[in-house]
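A.B. asks: turn this into a structure:
(one chain, ligands or ions: 1)
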Amino acid sequence: MPARILILNGPNLNLLGKREPAIYGTETLADIERLCINHGHRLGLEIDFRQSNHEGELVSWVHEAMDPAFTGIVINAGAYTHTSIALHDALKAVAKPVMEVHLSNIHQREEFRHRSYISLVARGVICGCGADGYKFAIDALAAAGGEGAEK
Ligand code: DQA
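C.D. replies: Model (predicted):
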């Protein structure tokens, strides 16, 4: 069985393509999913790509990554990045390598986007690279290989 990476997307990311294209680009979430699946396959990884507008659903999906089949998590938590202690706690509990992704450069934007509860538990953060950021995050997890759980 190939190693599996869980890719989670938070609120409003289902609107990509239509949503503030000057900031988030014109690619849809389905385009990004395809990019991730193809990139994962090239690296021999299975990609499980999901989106939810509900914090609790995202938390429950993070719990699913406790399954040993999952070797890491890529997460763009959208606005929950800046608010969700629940997602922070879930990622910490699951203790798998986490890569945080944002399409936009959150540090160039409003002050309230500068704080991330996800960064505190992430191995790395990629922002401002658009959809390619997801590819870079998959690369980082692939390079981490079977390193196993975070502390
Ligand atoms: C985002 C940045 C967040 O601040 C915002 O709330 C999003 C998208 C990004 O991908 O750039 O929904 O995570």
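
A.B. asks: need the contact list for Gly133.
C.D. replies: Residues in contact with Gly133 (CB atoms under 8 Å, 6 or more residues apart in numbering) are Val101, His102, Leu103, Ile126, Cys127. From N, CA and C alone the C-beta is placed, and that goes for glycine too.

A.B. asks: strands - which of these land there?
C.D. replies: With strands taken from DSSP state E, the overlap with the contacts of Gly133 comprises Val101, His102, Ile126, Cys127.

A.B. asks: how about the nearest residue to the second one, chain neighbours excluded?
C.D. replies: Take His102 and drop its neighbours on the chain: the residue closest to it by CB to CB, 6 or more residues apart in numbering is Cys127, 3.9 Å away.

A.B. asks: run the chain-centre distance for the helix or strand where Val62 lies.
C.D. replies: Using DSSP states H and E, Val62 sits within helix 55-64. Remark: helix 55-64 is offset 13 Å from the chain centroid, using CA atoms, centre = their mean, to the nearest Å.

A.B. asks: I'd like the mean pLDDT over the next helix or strand after it, please.
C.D. replies: On the C-terminal side of helix 55-64, the nearest following helix or strand under DSSP H and E is strand 70-76. What strand 70-76 shows for mean pLDDT is 98.

A.B. asks: and stretch 20-38, by the same measure?
C.D. replies: 96.
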